[in-house]
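A.B. asks: coords please:
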Amino acid sequence: MSTEVPGLVRALRVLRERWWVIALCPIVTLAVALVYLERQPKEYTATAKLQFVSNSLPSQVAGVGGEQVIDPEGVKATNVQLVTTPPVAALVAKSLKLTLTPGELLEDVSASNPQNDYIVEVTATNGDPHLAAAIANGFAEQYVVYSEAQNVGQLVRGEQLITRKTEELPAGDTVDRANLRGLYQKLLLLQSVQTGNAHVVSTAGVPGSPSSPKKKSTALIALVAGLLLGVGIAFVLNLLDRRVKSWEEFEELYQAPALAAIPTLPRKAQSEKDLEITLEPFRILNNSLPLLPHVHPIKSVIVTSAIAGEGKTSVALGLARAAAYAERRVILVEADLRRPMLEHRLDRNRSEHGLTSALRDERDPIECLRTPIRGMEEYFRLLPSGPTALNVPNLMSSERLAEIFEMLSANADLVVIDSAPLLPVADTRVLLDCIDVDACLVVARAGLTTRDQARRARLVFERRKMKAVGLVVNNLSEVSDGYDYYGPSEPDIVDTSAAAGGSLRNTARTSPTVTTRSISRPGK
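C.D. replies: As a prediction, this is how the structure comes out:
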């Protein structure tokens, strides 16, 4: 009984099968990203740095202790926000003679404190690298001017207040007048040493490369996104594609063991080496028949498939050849009466008598046997389909059919029956009901048979409670498994007709095992 294929193996198989989708999607997304980047305007970013300082000189001049800051972090955060305020922007626009309003200017300027210290980075972005540097430096410089102006403005307002208070004093109040005059003198001194709370520590240089669009990071993101998209599309296509493409999945769907996988083999056996390569998978199939669950040696095998075109006739012919080369007496029966192909492949002259003659005319089936391969008359015989028959299911359901196959079995070591496909017509179902066969081989073609067709074909055997059912997976290009042991050969679809009708006539009665002179191993 087959085992379920692990999910990881399924996933890897899908990725291998749809590799072209996974490879194409990143290329497409990268191309789209590059076109998008080329259409985006280039932006340049310049950065200047400010340092906030605590100036103790005014306190020393005034003769008082330094001011104790209750919340230094709050003050620092406030100063960072003040760097990009409309008053500072107005000063920058005026100094650089820009036509932009303070609001427009602030859209591309930011101030940050990334290290959480007293250094503030003033960043400006613009399509002109020189203007970007000028704007960044302008904000840094004009903030210093703005800060100094704010401090000086406070002192001026203090002077004005003292002057007004002095004028309001009575003429005889000399003490208060003297005190106010002393305060006035201190304010004048403070005003002369006021420098603000920051200074420029690093000016912005003219950027040499644009900061936007970011081609490298965008291209990398596009590649990763394309790769993920390709993987997703691959799995979606796998869900939509109902065809079966692997040995393991066929086993799981049919619930039967796969006895042999037929890879792409040479179409024509031009030499003994080509003949060995063509025949080797069928030798494996012949040797695997005893592995099927059966109480006695298998003497009759019916070969069918779910639908037409899966290679059942080629497999039936190949199995019969392999068994004949193993010196077993084989009768190959052409039981596909609607589309007979065996006789055409082995001998292009159609026989006057065959299976239909034995059914309708009560002819002896042994007399209808032919020996289409010269030199193999003792081991390989063919019962052709015979004249064209109408109403095939009724013809095959006669009691005469069982008698015919009993006679064939008595005159052969192995009877191989090439029957019609299971799903399109009822012929094989009637055949299974009317005769006793030891085993049934279902031929499945990778890339053609769908999951639904395989399940429906499996039901035919389950309803008849057939146990000795084996699979032959045809056209598996991924399975070489040493079939190139004899050397390279031109790959093509499996077709044993030419080998059977041509080369086999000249190589009949060759050894049933691989000849030593046909083997070429590197290094030996």
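A.B. asks: would you map out the domains in the chain?
C.D. replies: Under automatic domain parsing, the residue ranges defining each domain of the chain are 7-40+215-240, 44-202, 247-507.
A.B. asks: of all those, which one comes closest to residue 208?
C.D. replies: For these, proximity to residue 208 was assessed by C-beta to C-beta; domain 44-202 is nearest, at 7.5 Å. (C-beta placed from N, C-alpha, C; glycine too.)
A.B. asks: in a strand, residue 327, correct?
C.D. replies: No - secondary structure assignment (DSSP: H, G, I helix; E, B strand; the rest coil) places residue 327 in coil, not in a strand.
A.B. asks: circling back: deepest-packed of the domains of the chain, please.
C.D. replies: Using mean count of other C-beta atoms under 10 Å, the stretch among those with the largest mean neighbour count is domain 247-507, at a mean of 19.
A.B. asks: tell me the gap between it and the middle of its chain.
C.D. replies: In terms of C-alpha atoms, centre = their mean, to the nearest Å, the centre of domain 247-507 is set 37 Å apart from its chain centre.
A.B. asks: that domain - what's its average pLDDT?
C.D. replies: Mean per-residue pLDDT for domain 247-507: 80.
A.B. asks: what segments of the stretch 201-350 of the chain are strands?
C.D. replies: Under the criterion DSSP state E, counting those that start in this stretch, the stretch 201-350 of the chain carries strands at the ranges 258-262, 300-305, 330-334.
A.B. asks: ok, back up a step: could you dump the domains of the chain into CSV and include distance to residue 209?
C.D. replies: Output for the domains of the chain, formatted as CSV (distance: least, C-beta to C-beta, whole Å):
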stretch, distance to residue 209
domain 7-40+215-240, 10
domain 44-202, 8
domain 247-507, 49
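A.B. asks: residue 310 against residue 448, yeah?
C.D. replies: Yes - if you go by C-beta atoms under 8 Å, residue 310 and residue 448 touch, sitting 6.1 Å apart.
A.B. asks: got any residues that touch both of the two?
C.D. replies: In terms of C-beta atoms under 8 Å, 6 or more residues apart in numbering, residue 310 and residue 448 are not both contacted by any residue.
A.B. asks: now do the phi/psi pair for residue 414.
C.D. replies: Main-chain torsions, residue 414, degrees, to the nearest 10: phi -150, psi 130.
A.B. asks: just checking, it touches residue 303?
C.D. replies: No - under the criterion of C-beta under 8 Å, residue 414 makes no contact with residue 303, lying 11.9 Å away.
A.B. asks: please enumerate the shared neighbours of those two.
C.D. replies: Between them, residue 414 and residue 303 share no contacting residue, judged by C-beta under 8 Å, 6+ apart.
A.B. asks: give me phi/psi at the residue nearest to residue 313 when sequence neighbours are not counted?
C.D. replies: Nearest residue to residue 313 in three dimensions, chain neighbours excluded: residue 341, at 4.9 Å (C-beta to C-beta, 6 or more residues apart in numbering). When read as degrees, to the nearest 10, the backbone of residue 341 gives phi -130, psi -20.
A.B. asks: how much space separates residue 341 from residue 308?
C.D. replies: Shown here: residue 341 relative to residue 308, a distance of 10 Å by C-beta to C-beta, to the nearest Å.
A.B. asks: next one: residue 208
C.D. replies: Per C-beta to C-beta, residue 208 is found 70 Å from residue 308.
A.B. asks: now do the contacts for the most centrally placed residue in the chain.
C.D. replies: Nearest residue to the geometric centre of the chain (C-alpha atoms, centre = their mean): residue 231, 3.4 Å. With C-beta under 8 Å, 6+ apart as the criterion, the residues that contact residue 231 are 15, 22.
A.B. asks: what separates the closest residue to residue 52 other than its chain neighbours from residue 307, distance-wise?
C.D. replies: In space, and not counting its chain neighbours, residue 52 is closest to residue 118: 4.6 Å by C-beta to C-beta, 6+ apart. Taking C-beta to C-beta as the measure, residue 118 and residue 307 are separated by 81 Å.
A.B. asks: name the nearest residue to residue 47, sequence neighbours excluded.
C.D. replies: Nearest residue to residue 47, sequence neighbours excluded (C-beta to C-beta, 6+ apart): residue 123, at 4.8 Å.
A.B. asks: the one you found looks like it's in a strand, true?
C.D. replies: Yes - checked against three-state DSSP, residue 123 lies within a strand.
A.B. asks: I'd say it and residue 137 touch.
C.D. replies: No - contact between residue 123 and residue 137 fails when scored by C-beta under 8 Å: they sit 11.5 Å apart.
A.B. asks: which neighbours do the two have in common?
C.D. replies: Joint contacts of residue 123 and residue 137 (C-beta under 8 Å, 6+ apart) are residue 46.
A.B. asks: give me the phi and psi for the spatially closest residue to residue 438 that is not a sequence neighbour.
C.D. replies: Setting aside the residues directly before and after it, residue 438 is nearest to residue 298 in space (C-beta to C-beta, 6+ apart), at 4.2 Å. Summarising the backbone geometry of residue 298 under the convention degrees, to the nearest 10, its torsions are phi -80, psi 120.
A.B. asks: wait, doesn't residue 298 sit right on residue 288?
C.D. replies: No - when contacts are counted by C-beta under 8 Å, residue 298 is not listed as touching residue 288 (10.6 Å).
A.B. asks: show me where the stretch 301-450 of the chain has helices.
C.D. replies: 312-325, 342-346, 355-360, 392-396, 400-410, 427-434 (DSSP state H, counting those that start in this stretch).
A.B. asks: if we can go back for a sec, hang on, the residue nearest to residue 52 packs against residue 51?
C.D. replies: Yes - in terms of C-beta under 8 Å, residue 118 counts as a neighbour of residue 51; the distance is 5.8 Å.
A.B. asks: the residue nearest to the centre of the chain and residue 23, how far apart?
C.D. replies: 11 Å.
A.B. asks: likewise residue 45?
C.D. replies: 36 Å.
A.B. asks: now residue 142
C.D. replies: Distance from residue 142 to residue 23, counting by C-beta to C-beta: 55 Å.
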